[in-house]
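> here's my sequence, what's the structure:
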Amino acid sequence: MFCKNCGAEINENAVACMSCGFAKGTGEKFCSNCGKEINPGAVICTNCGASVKATTTVVANGEQKSKLVAVLLAFFLGSIGIHDFYLGYNKYGVIKIVLTCCTGVGGGIWALVDFIRLLTGSLNTDANGIELKKEF
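Got it, this is the predicted structure:
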């Protein structure tokens, strides 16, 4: 694997390139498969034919959120918005807690909707836009 910013070889388990400091999977100058320079805006590397799209998303702590955990939280604790807090949608979590406390059912309806959205894939990112890790 190669750095997409400087073209240096990097370890597959590395979070960032040791040569330039860019996060793994970021940059647009070099192919992450072969390390050769690529044309700006290209969809494939003309040297090796690999896709130039970002293949790795790096989060501050180095991990993506789990889709399975989000689904289970939405199913069991969704009416109080626990899955929203897990995914970083804190405003929605607070709204669901308030609705559930005031009406007894408001958050439960949204929890069911979010549960279905998680299962169908229409809700597949956290609040930072990082794709959820698919484990099922």
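> quick one: contacts for Asp114?
Counting by C-beta atoms under 8 Å, 6 or more residues apart in numbering, Asp114 touches Ala74, Gly78, His83, Asp84, Leu123. (Each C-beta comes from the backbone N, C-alpha and C, glycine too.)
> same question but for Asn5, I mixed them up
Cys17, Cys20, Phe22, Thr26, Gly27, Glu28, Lys29, Phe30.
> surely the fifth one and Phe2 touch.
No: contact criterion C-beta atoms under 8 Å: Gly27 and Phe2 do not qualify, at 9.9 Å.
> tell me how far Ile44 lies from Val52.
Applying C-beta to C-beta, to the nearest Å, the value for Ile44 to Val52 is 6 Å.
> out of those two, which sits in the busier spot?
Val52 (19 against 14; other C-beta atoms under 10 Å).
> need the contact list for that one.
Glu28, Cys31, Ile38, Ala42, Val43, Ile44, Cys45.
> tell me how far the closest residue to it other than its chain neighbours lies from Lys36.
Among residues not flanking Val52 along the chain, Ala42 sits closest, at 5.4 Å (C-beta to C-beta, 6 or more residues apart in numbering). According to C-beta to C-beta, Ala42 and Lys36 sit 11 Å apart.
> go on, Ser122?
Noted for Ser122: a distance of 37 Å to Lys36, by C-beta to C-beta.
> what about the two, which has more around it?
The neighbour count for Ser122 versus Lys36, taken as other C-beta under 10 Å, is higher for Lys36 (14 against 10).
> burial count for the residue nearest to the more buried one when sequence neighbours are not counted?
Among residues not flanking Lys36 along the chain, Asn47 sits closest, at 4.1 Å (C-beta to C-beta, 6+ apart). Neighbour count for Asn47, taken as other C-beta under 10 Å: 13.
> residues contacting Asn47?
Taking C-beta under 8 Å, 6+ apart as the test, what Asn47 contacts is Cys31, Cys34, Lys36, Ile38.
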